[in-house]
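S.K.: Prediction below, plus the sequence it came from.
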Amino acid sequence: MTTLLGARPATVAELREFNSALEKIRVASDRYPEELEKRTGL
């Protein structure tokens, strides 16, 4: 595995901490305004 700018792989504990923090983030609105979403065709 190569590293970039001296970075090291995350440990399991760090990944758990990161995932725990992500679970606390709430998305409170739509991703795009309705007009733009219609353009995606989804």
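M.R.: Yep, that arrived. Fair warning: this is a prediction, and the values are worked out from it, not measured in the lab.
S.K.: give me the low-pLDDT residue ranges for the protein?
M.R.: By pLDDT under 70, the weakly predicted segments of the chain are 1-6.
S.K.: How far away from the center of its chain is the helix ranked longest in it?
M.R.: What stands out as the longest helix in the chain, according to DSSP state H, is helix 12-23. For helix 12-23, the separation from the chain centroid amounts to 12 Å (computed by Cα atoms, centre = their mean, to the nearest Å).
S.K.: any idea how far Leu15 is from Pro9?
M.R.: Distance of Pro9 to Leu15, computed by Cβ to Cβ, to the nearest Å: 10 Å. Quick note: C-beta positions are derived from backbone N, CA and C, even for glycine.
S.K.: Which one's more surrounded, the two?
M.R.: Neighbours per residue (other Cβ atoms under 10 Å) separate Pro9 from Leu15, with Leu15 holding more: 11 against 8.
S.K.: Please export the C-alpha coordinates of stretch 11-20 as CSV.
M.R.: In CSV, the C-alpha atoms belonging to stretch 11-20 read as follows (Å, rounded to 0.1, in the frame of the first residue of the first chain):
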residue,chain,number,x,y,z
THR,A,11,-7.1,2.1,12.5
VAL,A,12,-10.2,0.1,13.2
ALA,A,13,-10.9,2.3,16.3
GLU,A,14,-10.5,5.5,14.2
LEU,A,15,-13.0,4.1,11.6
ARG,A,16,-15.5,3.2,14.3
GLU,A,17,-15.2,6.7,15.8
PHE,A,18,-15.6,8.3,12.3
ASN,A,19,-18.7,6.1,11.6
SER,A,20,-20.2,7.0,14.9
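S.K.: Name the residues that touch that stretch?
M.R.: Under the criterion Cβ atoms under 8 Å, 6 or more residues apart in numbering, residues Ala10 lie in contact with stretch 11-20.
S.K.: And the residue nearest the centre of the chain?
M.R.: The centroid of the chain falls nearest to Leu22 when counting by Cα atoms, centre = their mean (7.5 Å).
S.K.: host element of the residue with the largest distance to the centre of the chain?
M.R.: Computed with Cα atoms, centre = their mean, the residue of the chain farthest from its C-alpha average is Glu35, at 24.5 Å. Element membership for Glu35, per DSSP states H and E: helix 34-40.
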